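**Student:** predicted model, plus sequence, below.
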Amino acid sequence: MQLDLSSADSLFAWWRVWPERHDSYLDYKLSVSPEFAPAIHAARRQIAASSGLLALRERSVEHGTARQHVPRGRTARCRPMS
């Protein structure tokens, strides 16, 4: 899956894959990359408009996993192939 951080639809589809993890990453991106804020806020409005997805988000927040921010410089990286 390719993620376009400037597209609310792309963010919405990506968020649905792993809400607990992706919600916290969106918080992180808001704090370090404000240029993506309009798309992130639009995607969150889409999530809120869907009762099933909103329940997933609320459950992830209840468990505390959605608010664990990704530290700076700690994004996923691929290992070099040997």
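**Tutor:** It's in.
**Student:** which intervals of the protein have sub-threshold pLDDT?
**Tutor:** Across the chain, the ranges flagged by pLDDT under 70 are 54, 60-82.
**Student:** switch to 50 and redo it
**Tutor:** 65-67, 69-82 (pLDDT under 50).
**Student:** so which residues of the chain form helices?
**Tutor:** Along the chain, counting by DSSP state H, helices occupy 8-17, 19-32, 37-49, 51-62.
**Student:** from H22, how far out is W15?
**Tutor:** 5 Å (CB to CB, to the nearest Å). (Each C-beta comes from the backbone N, C-alpha and C, glycine too.)
**Student:** swap in S33?
**Tutor:** 15 Å.
**Student:** which one's more surrounded, these two?
**Tutor:** H22 (19 against 11; other CB atoms under 10 Å).
**Student:** tell me how many other residues crowd R44.
**Tutor:** Residues contacting R44 under the criterion other CB under 10 Å number 19.
**Student:** what's near enough to touch it?
**Tutor:** Shown in contact with R44 (CB atoms under 8 Å, 6 or more residues apart in numbering): L26.
**Student:** try it again with 7 Å
**Tutor:** For R44, no contacting residues are found, by CB atoms under 7 Å, 6 or more residues apart in numbering.
**Student:** all good on my end, thank you.
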